[in-house]
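Enquirer: Next input, structure requested:
(chains A and B)
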Amino acid sequence: MKKILTSLFLSAAVAFGTIPAHAEDGDLIRYAIWSNPKGTFHPTLYFTDYDRAVIFSVFSRLVTLDEKQNPQPSLAESWDYSEDGRTLTLHLRKGVKWHDGQPFTAEDVAYTYQTEAAPDFPRDRSPFVKYLEGFEDYSAGKSDILPGIRVVDDVTVAFTFKAPYAAAFSHFADKPVLAKHIWDKISLKTWNEASEALRNPVGTGPYKFVEFKPDQYVRLERNDDYFGGQPRTKTIIFRISNTQTAQSELINGELDIAEISSWNERDLQTYRDAGLRIVEQPGTSGQYLPFDTRNPKLSDKRVRQAIIHAINRQAIVDRLLFGHGAIFNTNAHPDSPYYPADLDPYAYDPQKARELLAEAGWKDSDGDGILDRDGQKFVFTLNYPTGNRTRELSAPIIQQNLKAVGIETELVSADFNTTLAILQDPECSFDGVLMGGTFRPGIYDNNFWWERFTSPDLTGYADAFNSSVDPGVLRENIGAWLKGVNDEAIRVWLYIPNQGYVLGPKVTDYQSHPYEPFAGIQNWAVSR
Amino acid sequence: MLRHLLRRVLIAIPVLFGISLVVYLLVNLQPGDPFVGMVGPETTPAEKAELLRRYGYDDPLVVQYLRWLTRALAGDLGYSLQQGRPVTALIGERLGNTGLLAGAALVLTLVVALPLGLFVGLRRNGGVDLAVSVLSFVLVSVPAFFLSMLLIKVFAVDLRLLPTAGVTTIGADYHGFAHLRDVALHLVLPASVLALGNIAVLNRYLRASVSELVDQDFIRALFGRGIPRRRVIAPHLLRNAARPLITIVSLEIPALLSSALLTETIFNWPGIGRLSFEAVQGRDYPLLMGIVLFLAVVTLACNLLADVLYALVDPRVRLAP
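Expert: Below is the predicted model:
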C-alpha cells in the first residue's frame, strides 16, 4: 500500500514538474568549444561556429533538420504551399514564450527575416531574401513594405517568393527567430554595436543565457517552460578550450563532451583506455582544391580532370584521417537526397591523368620530368592556409601526386584570412588554393566566385530548381546540376572528414546528428 | 637627472607616433581584410566591396590612418569589428588576467632566480653550478609550448595535482577564500612555464655579475676583515650584483605581457595575448591598433622606469649631468 502511494505521489510530482523525471541526473554538462565566441549572440548576425553553438541552444528555429536533412517542425508546426507554389504559409506553435515572458508571435518571425532584407542590414545578404517578392524595392529603400513576408495572424506567416523556392527551409533551419520586442528598439544600422543586446540573448530555446566570460565560458540555464519539454540538465557550460588540452581535460573530468580533433588510433585508444566513449558521424564539411579557371593552364577541362585523377584522395583519407572520412565528387555531400548515382568517380589513375594532359597539349618534350606546352613548363602554385592540421599535411601529398604526373608544384602557406582573401578577390589570380566549406543541406549555390567560372547550362538547371517546389522537378534539375558540376571539374573534391564527439564517463545520454549538433540538447544528461 | 627624464618623456611621444604608423602600415599592407571571415560563400565580390566601403575600409590608407589617429588622440580607440565592443573595454577586461599571470610569473622568477644566481655565483664550478647551467640551457632551448604540454601531462593528468587549464574550475562557483585558492591553483602551471624560461636567463646574469664582483678588491677586503659573510653578501655583494638586473627585469614586463600568447592559448588563460592573436587572424584593425598602442605605451613606460630605478640605485648615474 505504501509503495503504491509513494509511486502515485512521485508520478504526480513528476506530472506537475516538481521533480525532474530523471532524479538521478546531474546538474551540469561542460561542452568544449575551440575558440572564443565573438559575443554576437544574434540569429542573423552571427558568423562563427562558436557563437552558433550558443545561439542554437538559446534560440529556436522555425524548422530543424532530421537525419535525412528534411525539415521537421519546431516553432512552425505545419506548412503548406499555395496553388502556384510561390507562397509558403507557416502555421506557428501556440503558447510559446520568450525567456523574458513575452509571447512569441508571427510578428517575431516576420521581423527576423524582413530585417535581413532591409536597406540598413549591417551584414551581407543571404540568397534567401533575394528570392522574396519585392526585395529589390524594399532593400533599396524605395518601398516601406516587403510583400514577400506577410503576417496573416498571430500564429500564421506567409512568405511569397518570385518563383517557388524550395531552399527556404534551409534558411529557416540556419537562422533562428529573434525577438521583435527587443530588437526593434535598436536602430538596424547599429545592431553590430548593440553589445548589451547582442551579449544577453533572449530566445525561446531549451536554455536561457546566463553569462558570458570572454575567453573562458558561456553559461546557460535550462528553460523550464521550453515548448519541447523541460530539459534534463540544469546547466550547460560551453567552455572555451583548445584541441591540445581538451584530451587531458576530458580524461581529468574537467570536460564532459568535446569534438574529436584527431582520428589517430593512438588518440582514440587513449580515450577508450580512460573509459571515454566516442560517437562518430558522417562529416558535414568538405575540403576542396578550387582552380582559377581563367588561368590559361587550367581553362581546359581536361587539365582539371587530369589533376583530380592524379591525386590519390583515398590515400589522404587513409593516412591523414586514418580511414575516418569519405570521398565525394560534386558540390554536395554523398548522403544528400539528390546526389546522383552515376557521377564520374575520378578514380586515382596517374596514367589517365597523363593521357588527358597530353590531349590538352602538355607533354614532356625535353625529358626533365616536367610537362611543358609551347615552351612553358607546367608549374602549379598551391596555396594553403594554416590552422587545420589535416589540410596542412595534405598539401605535400598533393604535391607529390602532381609531381608524379609531371606537374611541378610549389607550396605556399599563409594564414587563413590571407588565403581566403585570394579566393574572394576576383582581381587575384591563382592556380589552386586549399579551402574547406560546410555543406548546407538544400542549398546548391550556382555562384562559382572562387573559381571565376560561369556556365549557361549549370545556370539553366539552377534557375529551374530555384523556381520550383515540385519534388520531381527538383530531383531532375538538381541531379543534372550536380552531374554538370562533376563534369566541369572546376575544383578537386578532396575529402570529407568524419565528425566525432568524445563523451566523458559521466555522460549518460547524448544525441546529435549531422548538421544538428545541438538539436537534442534538451535530452542530454550526466550522472550525479 | 630630472631634465634627462623629462627629455626621455618628450621623445616618447614621437616614438609612439612612429610605432602606430609603422604597425598601421604593416597590418594594412597584409593581404586580407576584416570581412573575409565574416561573409558567407554566396556573397558576391561586389557586395563584399560594398561592405568594405560602408565601413570606410577602401579609403586611402593615409585617410584611414589619420581618421584613427584623430580619434585615438581623443581617447576613442574605436570598436572591435568582430566583437562590436569598444576596444578600451576589451583590453580592460583582459588586463587584469594578463597582469595576474605576468605578475605571478615575475614574482616567481625573482624569488627563484635571485637566490639561485647568488648561490651559483659564489660557488662557481661546483657540482651545483654545473647542474644549474645545464638545466638553464635546457629550459631556454625548450619551446614554451612543449614545456606547457609536459607540465600538463605530469601535474594535471598523471599526478592530478593541478587543473589543466582555465582561470577557475568551471561550474564550481567558489566565493571568497575558496575562489582565491581556485585561481591560485590554476595560476601555478602557466606562471611556472613563463617563469622557468626567465629564471634560466636571469640566474645566468646574476651568476656572471656575482662572480665578477667576488673577485673585486673591495669585496675581498670586506671578507678579509672578518665581517660575517651574511653582512657582506646582502648589503654589498647583492646590491651591486643586482643592478644590471633592474634593466633586465623592467624590460621583462612588456615581454611578459605580449609574449604570453602561446602560454595563454594552451592554458586557456583569457589574456591580452589571445586577444591580439585573434585580432590578427581576423584582421580586426581597430582592436589590433588598440592593443599595439597599449603595449607600446607599457614598453616605453617600463624603459623609463628602468632608467629611474637605475638612477636611484646607482649614484654614479644620478650625479652625472
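
Enquirer: Contact partners for residue 196?
Expert: Since you didn't name a chain, this refers to chain A. Residue A:196 makes no contacts at all, as judged by CB atoms under 8 Å, 6 or more residues apart in numbering or on different chains. Where you see a C-beta, it was placed from the backbone N, CA and C, and this is true even at glycine.

Enquirer: actually chain B
Expert: By CB under 8 Å, 6+ apart, the neighbours of residue B:196 are B:139, B:147.

Enquirer: Is it in a helix, a strand, or coil?
Expert: Taking DSSP: H, G, I helix; E, B strand; the rest coil as the rule, one finds residue B:196 in the helix state.

Enquirer: And residue A:31, by the same measure?
Expert: Residue A:31 ends up strand, using three-state DSSP.

Enquirer: so who does it touch?
Expert: A:53, A:236-239, A:255-258.

Enquirer: Quickly list what it is bridged to.
Expert: Residue A:31 has these beta-bridge partners by DSSP bridges: residue A:238, residue A:257.

Enquirer: Could you tell me how far it is located from chain B?
Expert: According to CB to the nearest CB, to the nearest Å, residue A:31 stands 10 Å off from chain B.

Enquirer: what do you get for residue A:216?
Expert: The gap separating residue A:216 from chain B is 5 Å, by CB to the nearest CB.

Enquirer: secondary structure class for the residue in chain A that chain B sits nearest to?
Expert: Relative to chain B, the nearest point of chain A is residue A:215 (3.1 Å; CB to the nearest CB). With three-state DSSP as the basis, residue A:215 sits in coil.

Enquirer: That one - how many residues pack around it?
Expert: By the criterion of other CB atoms under 10 Å in any protein chain shown, residue A:215 has 23 neighbours.

Enquirer: Surely it touches residue B:274?
Expert: Yes - with contact defined as CB atoms under 8 Å, residue A:215 reaches residue B:274; the gap is 5.8 Å.

Enquirer: Which residues are in contact with each of those two?
Expert: Joint contacts of residue A:215 and residue B:274 (CB under 8 Å, 6+ apart) are A:36, B:94.

Enquirer: and residue 118, what pLDDT?
Expert: No chain specified, so I'll use chain A. On pLDDT, residue A:118 comes in at 94.

Enquirer: Please refer instead to chain B.
Expert: The model reports residue B:118 with a pLDDT of 84.

Enquirer: and if you look at the one 4 residues further on?
Expert: Among the per-residue scores, residue B:122 shows a pLDDT of 81.

Enquirer: Tell me which residues touch the closest residue to chain A within the stretch 151-300 of chain B, please.
Expert: For the stretch 151-300 of chain B and chain A, the shortest gap (CB to the nearest CB) falls at residue B:270, measuring 3.1 Å. By CB under 8 Å, 6+ apart, residue B:270 lies in contact with A:36, A:213-216, B:93-94, B:97, B:167, B:264.

Enquirer: The same query, at a cut-off of 10 Å, please.
Expert: A:36, A:213-217, A:240, B:93-94, B:96-98, B:101, B:166-167, B:264 (CB atoms under 10 Å, 6 or more residues apart in numbering or on different chains).

Enquirer: Nearest to residue A:481 among the residues you listed?
Expert: Nearest to residue A:481, judged by CB to CB, of the contacts of residue B:270 is residue A:36 at 38.4 Å.

Enquirer: so how far is residue A:83 from the closest residue to the residue of chain A closest to chain B other than its chain neighbours?
Expert: Leaving aside its chain neighbours, residue A:215 sits nearest to residue B:270 (3.1 Å; criterion: CB to CB, 6 or more residues apart in numbering or on different chains). Taking CB to CB, to the nearest Å as the measure, residue B:270 falls 57 Å from residue A:83.

Enquirer: Could you do residue A:280 as well?
Expert: 45 Å.

Enquirer: what does residue A:279 give?
Expert: Remark: distance between residue A:279 and residue A:83 (CB to CB) = 45 Å.

Enquirer: Looking at these two, which is more packed in?
Expert: residue A:279 (15 against 6).

Enquirer: residues in contact with residue A:450?
Expert: So residue A:450 contacts A:288, A:290-293, A:420, A:422-424, A:426, A:430, A:433, A:435, A:437, A:490-491, B:41 (CB under 10 Å, 6+ apart).

Enquirer: any weak-confidence spans in the chain?
Expert: By default, I'm working from chain A. Chain A contains residues with pLDDT under 70 at A:1-21.

Enquirer: Wait, chain B was what I had in mind.
Expert: For chain B, the ranges with pLDDT under 70 are B:1, B:259, B:317-321.

Enquirer: if I look at the most centrally placed residue in it, how far off is residue B:299?
Expert: Nearest to the mean C-alpha position of chain B, counting by CA atoms, centre = their mean, stands residue B:256 at 1.6 Å. Applying CB to CB, the value for residue B:256 to residue B:299 is 11 Å.

Enquirer: Confirm for me that residue A:103 is in contact with residue A:97.
Expert: Yes - between residue A:103 and residue A:97 there is a contact at 5.9 Å, judged by CB atoms under 10 Å.

Enquirer: okay, and the common contacts of the two?
Expert: Joint contacts of residue A:103 and residue A:97 (CB under 10 Å, 6+ apart) are residue A:204.
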